[in-house]
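Asker: predicted coordinates and the sequence they were generated for:
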Amino acid sequence: MNRRLGVLVSGRGSNLQAILDAIGEGRLDATVAVVISNKAGAYGLERARAAGIATAVLSHRDYASREDYDRALVAALRGRDVGLVCLAGFMRLLTPVFVDAFPNAILNIHPSLLPAFPGLDAQRQAVEHGVRVSGVTVHFVNAELDAGPIVLQATVPVQPDDTPEALAERILPEEHRLYPDAIRLVLDGGWRIDGRRFVPR
Ligand code: GAR
């Protein structure tokens, strides 16, 4: 697989930073070809600029439909010869236009043990449900929200008195550890998709 990554962010970009650090420290053999955000003020863009990486801002307000927006995203990623797309806190729903353009080549990180607590505010959902264990999932993106084949997961305990913020803070270091590992696994190849399962070599 082409080792050029396109990282999509909407905010803080700490997972982007974890990917950049893993590359910088030789733990991940890849290049971040471009960082794209739907928000001009996303701090993730600052992190990219500080690392000398090309950035682009695509605001959904400039496009008539979700499909038009996704066509622009695909063009921006193709223009940088991206082989693997990594969603890192990218808070937009993707249409088949985007998903079909990168089959089995879009990863997402989600702060729960999917299929539990998909969608927004996963840590709050976990606390309010009263689960004793939550965690993080890196999965392939398909047309269904937070439902593609799972590449890696890690568990994190939930304390009885946790707030969503406290749980999020406990999950985050696991995200930063797991995402580079999952990207490496996918880039190294030899895996297959069997039904809804990711089967490593
Ligand atoms: C992370 O916790 C990530 O798992 C979550 O957004 C945060 C982004 O933080 N993503 C989702 O909830 C996707 N549904 P970051 O910008 O610091 O990487």
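Answerer: Everything's here; your move.
Asker: quick check: which ranges of the protein have low pLDDT?
Answerer: For the chain, applying pLDDT under 70 flags no range at all.
Asker: please enumerate the helices of it.
Answerer: 14-24, 43-50, 66-79, 96-99, 122-129, 164-188 (DSSP state H).
Asker: residues near the nearest residue to residue 83 once chain neighbours are set aside, how many?
Answerer: Residue nearest to residue 83 in three dimensions, not counting chain neighbours: residue 2, with 2.6 Å by C-beta to C-beta, 6 or more residues apart in numbering. To be clear about C-beta, it is placed using only N, CA and C from the backbone, and glycine gets the same treatment. Residue 2 has 13 neighbours, counted by other C-beta atoms under 10 Å.
Asker: is it true that residue 2 touches residue 81?
Answerer: Yes: under the criterion of C-beta atoms under 8 Å, residue 2 makes contact with residue 81 at 6.9 Å.
Asker: to the ligand, which of the helices of the chain lies closest?
Answerer: Taking C-beta to the nearest ligand atom, helix 14-24 is the member of the helices of the chain nearest to the ligand, at 3.1 Å.
Asker: and that closest one, does that touch the ligand?
Answerer: Yes: with C-beta under 6 Å from any ligand atom as the measure, helix 14-24 is seen reaching the ligand through 14-15.
Asker: packing partners of that helix?
Answerer: strand 4-9, strand 31-37, helix 43-50, helix 164-188 (3 or more C-beta pairs under 8 Å, 6 or more residues apart in numbering; DSSP states H and E).
Asker: contact residues of the chain facing the ligand?
Answerer: So far as C-beta under 6 Å from any ligand atom goes, the chain lies against the ligand at 9, 11-15, 44, 88-89, 109-111, 122, 175.
Asker: residue 155: what's it in contact with?
Answerer: 113, 133-135 (C-beta atoms under 8 Å, 6 or more residues apart in numbering).
Asker: number of nearby residues for the closest residue in space to residue 58 that isn't next to it in sequence?
Answerer: Once flanking residues are discounted, residue 58 sits nearest to residue 72: 5.5 Å by C-beta to C-beta, 6+ apart. Each residue near residue 72 was counted by other C-beta under 10 Å, and the total is 19.
Asker: isn't residue 72 right up against residue 64?
Answerer: No: using C-beta under 8 Å, residue 72 is not in contact with residue 64, being 11.0 Å away.
Asker: gap between the residue of the chain found nearest the ligand and residue 136?
Answerer: In the chain, the residue that lies nearest the ligand is residue 89 (2.6 Å; C-beta to the nearest ligand atom). With distances taken as C-beta to C-beta, to the nearest Å, residue 89 is found 12 Å from residue 136.
Asker: now the common contact residues for these two.
Answerer: Common neighbours of residue 89 and residue 136 (criterion: C-beta under 8 Å, 6+ apart): residue 109.
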